[in-house]
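In: Next one to model:
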Amino acid sequence: MQVGEAFTPRQIDEMVHAAQAASRQSGLRFSLFVGVSEGDPAEYAERLLAALGDDAPRSVVLHVDPSNRRLEIVTGQLAAQRLDDRACGLATLSMTSAFSGGDIVGGVVTGLRMLGDSVRATSAR
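Out: Here you go, the predicted structure:
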């Protein structure tokens, strides 16, 4: 998918369902934003997290900015205790690999599954 192309309804459903599944299995709130950052992508992802209000501490925000070729994963304080940097790094590697092949939707879906599985595995210990 080229920058600026819209997602089909089916692609949107795939990403929404992946975020919902990760949220259900982990007990955390997974949110996704695919689009252009307003300013620095990392700071923008932090603002997206803060905008979740009372849910922010138990939330994970994935921000994909195709135009800047950036991916940010931001975790709230409680979410960070259940989802470590290693899991986020592995998901990032998987997603960016898919993105480089032009598969934004597949990368997002795979990354959300990996993150949801990592939280479940961590919380079962």
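In: in the chain, which spans are strands?
Out: 29-34, 59-65, 70-75 (DSSP state E).
In: which stretches of this protein form helices?
Out: 9-26, 41-50, 77-82, 85-100, 104-123 (DSSP state H).
In: what's the weakest-modelled helix or strand in the protein?
Out: helix 104-123 (a mean of 88; mean pLDDT, DSSP states H and E).
In: which one of the helices of the chain is the most hemmed in?
Out: helix 104-123 (a mean of 20; mean count of other C-beta atoms under 10 Å). (Each C-beta comes from the backbone N, C-alpha and C, glycine too.)
In: neighbouring contacts of that one?
Out: Residues outside helix 104-123 that contact it (C-beta atoms under 8 Å, 6 or more residues apart in numbering): 1, 7, 11, 14-15, 18-19, 21-23, 25-28, 30, 32, 34, 60, 62, 64, 66, 73, 82-84, 87-88, 90-92, 94-99.
In: if you set the cut-off to 7 Å instead, what comes out?
Out: Outside helix 104-123, the residues within contact range by C-beta atoms under 7 Å, 6 or more residues apart in numbering are 1, 7, 11, 14-15, 18-19, 21-22, 25-26, 28, 30, 32, 34, 60, 62, 64, 66, 82-84, 87, 90-91, 94-95, 98-99.
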